[in-house]
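Student: based on what follows, work out the 3D shape:
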Amino acid sequence: MTKKITGVVDYNAGNLKSVETALEFLKADFFVSANPEDFKRADNLIFPGVGEARASMNILNKSGLGEAIRLFCRSGKPVLGICLGCQIIFTHSEEGDTPCLDLIPGNVPRFPKKEGFKVPHMGWNQVSHLDRHPIFTGIPENSSFYFVHSYYPEPEKNEHIIGETEYCIRFCSAVQKENLVAVQFHPEKSGKTGLILLSNFLNLT
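Tutor: Numbers count the residues shown, from 1 in each chain. As a prediction, this is how the structure comes out:
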């Protein structure tokens, strides 16, 4: 059987090294590119990122990468968004009042101020996933993953929520719509559990 090729989107949004290291550990056949044309040969797509929504959307729009991600999603092939790549798949982000890719209807608000809780939310936290998606196969309920973020996804429809986390509020930390799945946490920085999740994604069809 031919090995799947994974494309990783490079849109100048943070260090991709941890994603590359995790994929190398999993012996994935992958490439990292900022060229929209390159992703036509990929069997699945990883859309990672850290940084600011408006600056990132400016790059995606000017480079053509935003449209390439939309087309890839329409192809039916698996797509995984990570952290900022989980936020800018929504309609709008409150960070910089930014129109986003609108792949899943919803907003991305900032965490409210609450005594005893620092923003950004940084560190390990549990994800309740209720075994609703194959991305969590083999991962116990309420396993911990690594987070670094000040904003969080808020889908319009509950049917798109596949994971939730408690931090000053109960918020959506994993979403899905058809072939698109995205997580607010960093699986590539979440040890063995994160590697299982990434492996599950690579095995999606």
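Student: are we agreed that Thr165 is in a strand?
Tutor: Yes. Judged by DSSP: H, G, I helix; E, B strand; the rest coil, Thr165 forms part of a strand.
Student: please name the nearest non-neighbouring residue to it.
Tutor: Leaving aside its sequence neighbours, Thr165 sits nearest to Ser173 (Cβ to Cβ, 6 or more residues apart in numbering; 4.1 Å). For every residue, glycine as well, the C-beta is placed using N, CA and C.
Student: what's the helix or strand harbouring the one you found packed up against?
Tutor: Ser173 belongs to strand 169-177 when assigned by DSSP states H and E. Counting contacts by 3 or more Cβ pairs under 8 Å, 6 or more residues apart in numbering; DSSP states H and E, strand 169-177 is packed against strand 154-155, strand 161-167, strand 180-183.
Student: on that earlier part again, contacting residues for the residue nearest to Thr165?
Tutor: Residues in contact with Ser173 (Cβ atoms under 8 Å, 6 or more residues apart in numbering) are 127, 145, 147, 152-153, 163-165, 183-185.
Student: picking that back up, and the average pLDDT for the strand holding Ser173 is what?
Tutor: Here strand 169-177 scores 97 as its mean pLDDT.
Student: with just CA atoms, put that strand into PDB.
Tutor: What follows is strand 169-177, C-alpha atoms only, in PDB (Å, rounded to 0.1, in the frame of the first residue of the first chain):
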ATOM      1  CA  ILE A 169     -15.100  28.600  31.900                       C
ATOM      2  CA  ARG A 170     -16.000  25.400  30.200                       C
ATOM      3  CA  PHE A 171     -14.900  25.900  26.600                       C
ATOM      4  CA  CYS A 172     -14.700  24.000  23.400                       C
ATOM      5  CA  SER A 173     -11.200  22.500  22.900                       C
ATOM      6  CA  ALA A 174     -11.800  20.200  19.900                       C
ATOM      7  CA  VAL A 175     -14.100  20.500  16.900                       C
ATOM      8  CA  GLN A 176     -15.000  18.600  13.700                       C
ATOM      9  CA  LYS A 177     -17.000  19.100  10.600                       C
END
